[in-house]
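Visitor: Mind folding the following:
(chains A and B)
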Amino acid sequence: MIAFGLVMSLKGPTYRMGTLMHMGPGFMPTALGVILICLGIAIIAPALLLEPGEDEDILPEHREWFAWGCILASPVAFILFGSYGGLAPATFSCVFVAAMGDRTMTYRQATILSAVITVFGVGLFHYLLQVPMPVLEWRGL
Amino acid sequence: MIETALTDLWYGFGVALEPHNIMWCFIGVLVGNMVGVLPGMGPLATISILLPLTFGIKPVGAILMLAGVMYGAQYGGAICSILLNLPCHPPHAVTCLDGFPMTKQGKGGVALGLTVFASFVGASWGITEMIFLAPVLVEVALQFGPAEICSLMLLGLLAGSTLARGSPIKGVAMTVLGLMLGIVGTDLETGAERFTFGMTHLDDGIELIALALGLFGIAEFMNSVNQVSIVNAKYAKVRLRDMRPSKKDFKRSIAPMFRGTIVGSLCALIPGTGPTIASFVAYATEKKISKHPDKFGTGLIEGVVCPEASTHSSVQGDFIPTMSLGIPGDAVMALLLGALMIQGIVPGPQLIKEHPDIFWGLVASFWIGNILLVLLNVPLIGIWVKLLTIPYKYLYPSAMFFVCIGVYAANNDMFQVAETVVIGILGYTLLRLGFHPAPILLGFVLGPRFEENFRRAMLISRGDILVFIERPISAVFIALCVILIGTQVYVRLRGGKRPIPADVFESSLESAE
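Guide: Residues are numbered from 1 along each chain as shown, chains lettered A, B, ... in the order given. This is a model prediction of the structure:
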């Protein structure tokens, strides 16, 4: 059991939001909120009763902050470049940023990979599946 | 009865054999198989990523393709576990036990060849079951009122969340979380906005694709980035010639195949016990029956074909409640149901009557798809083996792009890409906390319908909550729920702190020894 205070703080807000709803549409959320609180307590209780054992860290042994950042930044890059530049730069940046997360990845490999995926992606999604997104276009900031 | 089923099946073949449908089925099986082989990509991630691609297709084609992806990926996973000892999908964990030793002995090809056959036998049985059982279930289900549907869903949700992997309480907590996520958006009856925090983008609720890709795409990538070691493919050299099993191997594996099939179909009948439990139970049974149980784990062909047949038979069996009652047994089924809903088709007992083309077409396509799978895997095995060696560092960035464009293409809305990122972070946190995210999806898909039916039942009974116990069918479901919870609590109290499923597996494996 790794669940600890974090679970509690996770459940807390759900409860508050639940009770704030007025009766009609708010019934379900409130009921669920209460159930969730009970479950949260049920999960935490055994963990608390069995005195906290050795250091139970929720982070894995290898903390890949950089890699995680890269993975999360990749969709963000997609959004930014997609909104202002079109499909091609969005794809390229998305793949490139995500690829940099791997430790063994070199700039050269990442560039080649991104280029290949961009060509492939534009071909498939723009021309074949007709996703309404311009391939390359500067919309200004 | 049998006659009508056969006529319907004939009609189904007519639908499934239409050129474009057969094409989608083929693409689905091919892509599913290809992606399933890749280490670290299970059926859930595959279906989520491919889901947006099916929007442009007609409902029948879309569902045929997605179903094809599912069992294709299922089969691909077996290749990965036999050749590399890497179970990318939990049901295959047992296949590794005997499959990998076989590969080490240079008999990987034989194991694969017989797995193809075992899967086919298992799937065929599951399909046959579906043909005859589903219409019967529908007859019963058509008499259901809101109260019955509601309690049935409750049973489905409870079973799905408690019998899955990990701690049952955590499973239920995840289901409830999924139900809550399902609430986001405009209320169906009053039009009030709930949990939108003033963001108009959230009025239509959280997008299913954003949720699925956040949980099974981004969260999974974060979990496995820089963790997947370089694949050791030293044993994974399989040629077409190696796949032909000797007569002796074939004879030895026929009986286990059928035993596995039967175990799988029995497991499919109990709601919530998916392919994972089926394969474990099948392995344990096989070990018990065997004349030389001590040799299991050293590369016995029985230990490969039995769980594989069982997995496939239970997967096909899982379609029965999904298609006839609209109650998915696990997250994969929930995703398929979600895909149907996106196509504008309301799942439930009426589905077979209103959309016979979908139901019977799907059934028929299972046969076609499974035959395609056999035909594909024999000549393409060499290519799959090469695919296994693609490093993860090329794989996940490409998959990230598919995630982004997939979510965007669903509604042409960048906001949903951001939604996916947030859900991805949430999913990863939950994963680290030991919560398995699959039940969230189950709750999310069933949530809105559960609420709708609950309210309707309350309206009809004028707010009398006892209606659920007073109506006989509903009372049976509620009783089953109580029994389910009761046994879980009982086993937990007796078995100490260990999570239940592990107990079940261990005890079944122990008793087999």
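Visitor: Can you classify the residue nearest the centre of chain B by secondary structure?
Guide: What sits nearest the mean C-alpha location of chain B, by Cα atoms, centre = their mean, is B:V332, with 3.5 Å. With DSSP: H, G, I helix; E, B strand; the rest coil as the basis, B:V332 sits in helix.
Visitor: show me the residues around it that make contact.
Guide: B:V332 makes contacts with B:P43, B:L44, B:I47, B:M70, as judged by Cβ atoms under 8 Å, 6 or more residues apart in numbering or on different chains. C-beta coordinates here come from the backbone N, C-alpha and C atoms, glycine included.
Visitor: how near is it to B:M130?
Guide: Going from B:V332 to B:M130 by Cβ to Cβ, to the nearest Å gives 16 Å.
Visitor: what's the answer for B:C404, then?
Guide: 36 Å.
Visitor: Tell me which of those two has more neighbours.
Guide: A count of neighbours by other Cβ atoms under 10 Å in any protein chain shown puts B:C404 above the other of B:C404 and B:M130, at 30 against 24.
Visitor: Please name the nearest non-neighbouring residue to the more buried one.
Guide: Counting by Cβ to Cβ, 6 or more residues apart in numbering or on different chains, A:F78 is the residue found nearest to B:C404 once chain neighbours are left out, at 4.1 Å.
Visitor: Go ahead and confirm that neighbour touches B:Q416.
Guide: No. Using Cβ atoms under 8 Å, A:F78 is not in contact with B:Q416, being 11.5 Å away.
Visitor: any shared contact partners between these two?
Guide: B:Y408.
Visitor: These two: which is more packed in?
Guide: A:F78 (31 against 26).
Visitor: Check which residues of the longest helix along chain B are buried.
Guide: Using DSSP state H, we find that the single longest helix of chain B is helix B:108-141. Within helix B:108-141, the residues that count as buried by 16 or more other Cβ atoms under 10 Å in any protein chain shown are B:108-131, B:133-135, B:137-138, B:141.
Visitor: what does stretch B:250-262 give?
Guide: For stretch B:250-262, using 16+ other Cβ under 10 Å, the buried residues are B:F250, B:R252, B:S253, B:P256, B:M257, B:F258, B:R259, B:G260, B:T261, B:I262.
Visitor: How about stretch A:78-92?
Guide: By 16+ other Cβ under 10 Å, the buried positions in stretch A:78-92 come out as A:78-82, A:85-92.
Visitor: so which of the residues you listed comes closest to B:S279?
Guide: The shortest approach to B:S279 among the buried residues of stretch A:78-92 belongs to A:F78, at 37.9 Å (Cβ to Cβ).
Visitor: check contacts around the closest one.
Guide: A:F78 neighbours (Cβ under 8 Å, 6+ apart): A:A90, A:T91, A:S93, A:C94, B:F401, B:C404, B:I405, B:Y408, B:V417.
Visitor: Show me which of the residues you listed is closest to B:V15.
Guide: B:I405 (30.5 Å).
Visitor: so how far is B:A339 from the closest one?
Guide: Distance from B:I405 to B:A339, by Cβ to Cβ: 18 Å.
Visitor: All the helices of the stretch 101-250 of chain B, residue numbers only.
Guide: Assigned by DSSP state H, counting those that start in this stretch, the stretch 101-250 of chain B shows helices spanning B:108-141, B:146-162, B:168-183, B:208-213, B:219-224, B:247-269.
Visitor: How about the fourth one and chain A, touching?
Guide: No. Judged by Cβ under 8 Å from any Cβ of the partner chain, helix B:208-213 makes no contact with chain A; its nearest approach is 9.7 Å.
Visitor: sorry, back to before: distance to B:I27 and mean pLDDT for the helices of the stretch 101-250 of chain B - can I get that in JSON lines?
Guide: Listed next are the helices of the stretch 101-250 of chain B as JSON lines, based on distance: least, Cβ to Cβ, whole Å; pLDDT from 0 to 100:
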{"stretch": "helix B:108-141", "distance to B:I27": "19", "mean pLDDT": "80"}
{"stretch": "helix B:146-162", "distance to B:I27": "29", "mean pLDDT": "76"}
{"stretch": "helix B:168-183", "distance to B:I27": "30", "mean pLDDT": "77"}
{"stretch": "helix B:208-213", "distance to B:I27": "19", "mean pLDDT": "80"}
{"stretch": "helix B:219-224", "distance to B:I27": "24", "mean pLDDT": "75"}
{"stretch": "helix B:247-269", "distance to B:I27": "27", "mean pLDDT": "77"}
